[in-house]
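Novice: Fold the following for me, if possible:
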Amino acid sequence: MDDVEKYIRKRKSRSKKFAKSFEKGFESFKIGVLLRQAREEVGITQTELAEKLSTKKSAISRIENHAEDIRLSTLKSYLEALGKKLQISIQ
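Specialist: As a prediction, this is how the structure comes out:
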């Protein structure tokens with residue numbers, strides 16, 4: 001475990017508010033990372049994906065970097081343009 005992980009663990013144990021906001025932010029970050037990885041796996045650029053979705057590269061960048069407020073319809077369109085399907089699981 002590195003110093004950052006130790007710091008995060010310590011802060012989470014001392015502050016429920018920090019722990020909650022950290023987890024929420026981390027989940028949003030993971031969604032953006034997964035979307036970028038899916039796009040790169042298919043081998044297309046943000047510009048190429050934007051063209052498929054009739055939007056701008058900046059919109060694709062926003063989706064990948066700020067996925068916390070993404071609509072399900074946008075997420076579905078993004079993934080369909082990559083030839084992928086959205087699968088949602090409730091646990």
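Novice: Pick out the residue closest to the middle of the chain.
Specialist: Among the residues of the chain, the one closest to the centroid is residue 32, at 1.7 Å (C-alpha atoms, centre = their mean).
Novice: Give me the mean pLDDT for the helix or strand containing that one.
Specialist: Counting by DSSP states H and E, the element that carries residue 32 is helix 16-42. Helix 16-42 comes out with an average pLDDT of 86.
Novice: Which neighbouring elements make contact with that helix?
Specialist: In terms of contacts (3 or more C-beta pairs under 8 Å, 6 or more residues apart in numbering; DSSP states H and E), helix 16-42 is packed against helix 3-14, helix 57-65, helix 72-81. Just so you know, the C-beta spots here come from the backbone N, C-alpha and C atoms, and that holds for glycine as well.
Novice: any chance of the ones you listed in TSV, with distance to residue 50 too?
Specialist: Shown next, in TSV, are the helices and strands packed on helix 16-42 (distance: least, C-beta to C-beta, whole Å):
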stretch	distance to residue 50
helix 3-14	33
helix 57-65	5
helix 72-81	9
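Novice: most packed of these?
Specialist: Most buried of those by mean neighbour count (mean count of other C-beta atoms under 10 Å) is helix 57-65; its value is a mean of 17.
Novice: My guess is the residue nearest to the centre of the chain contacts residue 65. True?
Specialist: Yes - the criterion here is C-beta atoms under 8 Å, and residue 32 meets it with residue 65 at 5.7 Å.
Novice: sorry, back to before: now the residue nearest to the centre of the chain, nearest residue through space, not along the chain?
Specialist: Leaving out its chain neighbours, the residue that sits closest to residue 32 by C-beta to C-beta, 6 or more residues apart in numbering is residue 67, at 4.0 Å.
Novice: ok, now how distant is that neighbour from residue 61?
Specialist: Distance, residue 67 to residue 61, using C-beta to C-beta, to the nearest Å: 11 Å.
Novice: Same check on residue 4?
Specialist: From residue 4 to residue 61 the distance is 25 Å (C-beta to C-beta).
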